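Visitor: below are the sequence and a predicted model; questions follow.
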Protein chains: 2
Amino acid sequence: MVLREVTRTVGVVPNAAYRHFADRDALLAAVSDEAVGQLARRMAARMGEVRPGPHTPTGARLRLRAVGQAYLEFARTEPGLFDTAFAASDRHLPAAGAGEPSPLDHLQSALDNLVAAGLLSPARRQGIEYPTWATVHGLAVLLRGPLSSLTDGEKTRLEAQTLAFIGASVS
Amino acid sequence: MVLREVTRTVGVVPNAAYRHFADRDALLAAVSDEAVGQLARRMAARMGEVRPGPHTPTGARLRLRAVGQAYLEFARTEPGLFDTAFAASDRHLPAAGAGEPSPLDHLQSALDNLVAAGLLSPARRQGIEYPTWATVHGLAVLLRGPLSSLTDGEKTRLEAQTLAFIGASVS
DNA sequence: CCGAAAATGTGGACGCTGTCCACTGTAACG
DNA sequence: CGTTACAGTGGACAGCGTCCACATTTTCGG
């Protein structure tokens, strides 16, 4: 339900796709990589909008919040890309080589800022990116699944509460 | 990739399924409901194993942990059912009518115990089931996706850290 | 106990999907 | 200009979910 659909919107016969992608999964993986990149860029943009310096307490806190907000915003405004990003790609873990920073990289640096600002002890910092990621990711998934019947207002409030929930555990 | 597969393992022609389910999605929803029920029962079982009383501080904390552990254990030992549970069902939100308690019901009561034990203020209790659920659910999803390459030991440690993460935010 | 009615299963077909093969057209370039 | 790589075409295949008409079994009230 993907390959033929893509070739159709491109206006080309299904087999033409095989000149560019090995199979359906390779096509999906390419879209997934693009989605991960978009998410990362959106995170970077939201972090860039924060005024206080990254090593000030408020600056660090606002940056962590910005990362989470960008994640949830992406999941809500680009549901298709969000789904695809987590349906196929291996690009979530920081790229071994160079390349643009992954979403996880941005989360890491936001958490490092909290440490630099003295809000998070290095001991608690250890490995906390995963519970943090899980919380935001889980909310994004639940909001598109079992909680999809909530109103937009309720969803927004829940997003705020969840980011506060993270803040309480992370400092 | 479901309907014909099921009828095949049952040893029956594909059309026979239509005597029992309206279509593929209805079949999937039925399996999903069963999966949600199994998850709920597993939670209840783990909570039942906790010795200290539900309204004692340790009892309340251990019950919340038991709920989370049951969730993560279910996701790891029954990946197929876990996926299906969240692919179709509407039975995650507490059943409006009677019926057996949903997974969310168990989480709610564990959180209520924390309040009764004096570990969680009623104000913070408000709506906290969703960030809590999101954290555990998100971890379960990430462990089967981007974090699937972790060793079993790393996964177990991460599960423990995540439950501690919740504990830090919930009390 | 029998016959009607309900429940369950069968066979064949349809349009859709991803995929393979052999073939055609077209652009690049020494 | 001719070769070579590249991109697209046409036809076919098996598998999927679904629909229809038909057969078989099970259940039950008179």
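Guide: Perfect, thanks for sending it. Residues are numbered from 1 along each chain as shown, chains lettered A, B, ... in the order given.

Visitor: chain A: helices as residue ranges?
Guide: In chain A, the segments counted as helices under DSSP state H are A:3-10, A:24-48, A:57-77, A:79-88, A:103-116, A:122-125, A:129-144, A:152-169.

Visitor: so which of the ones you listed is the most surrounded?
Guide: helix A:129-144 (a mean of 24; mean count of other CB atoms under 10 Å in any protein chain shown). The C-beta positions use only the backbone N, C-alpha and C, and glycine is treated the same way.

Visitor: is any part of stretch A:17-35 close to chain B?
Guide: No. Using CB under 8 Å from any CB of the partner chain, stretch A:17-35 stays clear of chain B, with a minimum separation of 10.8 Å.

Visitor: not counting that stretch itself, show me its contacts.
Guide: A:2-3, A:6-7, A:78, A:81-82, A:84-91 (CB atoms under 8 Å, 6 or more residues apart in numbering or on different chains).

Visitor: nearest to B:S148 among the helices of chain A would be which one?
Guide: Taking CB to CB, helix A:79-88 is the member of the helices of chain A nearest to B:S148, at 11.4 Å.

Visitor: is chain B contacted by the helix or strand bottoming out on mean pLDDT in chain A?
Guide: Within chain A, no helix or strand scores below helix A:79-88, which has a mean of 94 by mean pLDDT, DSSP states H and E. Yes. Helix A:79-88 is in contact with chain B by CB under 8 Å from any CB, via A:F86.

Visitor: okay, that helix in CSV with CA atoms only?
Guide: Extracted in CSV, the C-alpha atoms of helix A:79-88 (Å, rounded to 0.1, in the frame of the first residue of the first chain):
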residue,chain,number,x,y,z
PRO,A,79,1.4,12.3,11.5
GLY,A,80,2.3,10.4,8.3
LEU,A,81,6.0,11.3,8.5
PHE,A,82,6.0,10.6,12.2
ASP,A,83,4.7,7.1,11.7
THR,A,84,7.1,6.4,8.9
ALA,A,85,10.0,7.8,10.9
PHE,A,86,9.5,5.0,13.5
ALA,A,87,8.4,2.3,11.1
ALA,A,88,11.6,1.7,9.4
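
Visitor: what's in contact with that helix?
Guide: By CB under 8 Å, 6+ apart, helix A:79-88 touches A:25, A:28-29, A:31-32, A:34-36, A:38-39, A:74-75, A:92, A:137, A:140, A:144, B:141, B:145-146.

Visitor: from the residues you listed, list the ones also adjacent to DNA strand C.
Guide: A:D25 (CB under 7 Å from any atom of the strand).

Visitor: and A:V2, backbone torsions?
Guide: phi -140, psi -60 (degrees, to the nearest 10).

Visitor: from chain B, how far out is it?
Guide: 13 Å (CB to the nearest CB, to the nearest Å).

Visitor: and the contacts of stretch A:17-35, which is closest to A:G118?
Guide: A:R91 (32.9 Å).

Visitor: was I right to think that closest one contacts A:V36?
Guide: Yes. If you go by CB atoms under 8 Å, A:R91 and A:V36 touch, sitting 4.7 Å apart.

Visitor: overlap in contacts, these two.
Guide: Looking at what touches both A:R91 and A:V36 (by CB under 8 Å, 6+ apart), the common residues are A:S102.

Visitor: can you name the residue of chain A nearest to DNA strand D?
Guide: Going by CB to the nearest atom of the strand, DNA strand D is nearest to A:V13 of chain A, at 3.3 Å.

Visitor: which ones are touching the nearest residue to that residue once chain neighbours are set aside?
Guide: Distance criterion CB to CB, 6 or more residues apart in numbering or on different chains; nearest residue to A:V13, sequence neighbours excluded, is A:T7 at 6.5 Å. For A:T7, the contact set (CB under 8 Å, 6+ apart) comprises A:13-14, A:16-17.

Visitor: report the buried members of the residues you listed.
Guide: Among the contacts of A:T7, those classed as buried by 16 or more other CB atoms under 10 Å in any protein chain shown are A:A17.

Visitor: right, and out of the contacts of A:T7, which lies closest to DNA strand C?
Guide: A:P14 (4.1 Å).

Visitor: name the nearest residue to the spatially most central residue of chain A, ignoring sequence neighbours.
Guide: Nearest to the geometric centre of chain A sits A:Y71, at 4.1 Å (CA atoms, centre = their mean). For A:Y71, ignoring the flanking residues on the chain, the nearest one in space by CB to CB, 6+ apart is A:V136 at 5.0 Å.

Visitor: touching, the one you found and A:L72? I think so.
Guide: Yes. Taking CB under 8 Å as the definition, A:V136 is a contact partner of A:L72 at 6.5 Å.

Visitor: what angle do the least confident helix or strand of chain A and helix A:103-116 make?
Guide: In terms of direction (axes from the mean of the first three to the mean of the last three CA atoms, to 10 degrees), helix A:79-88 departs from helix A:103-116 by 90 degrees.
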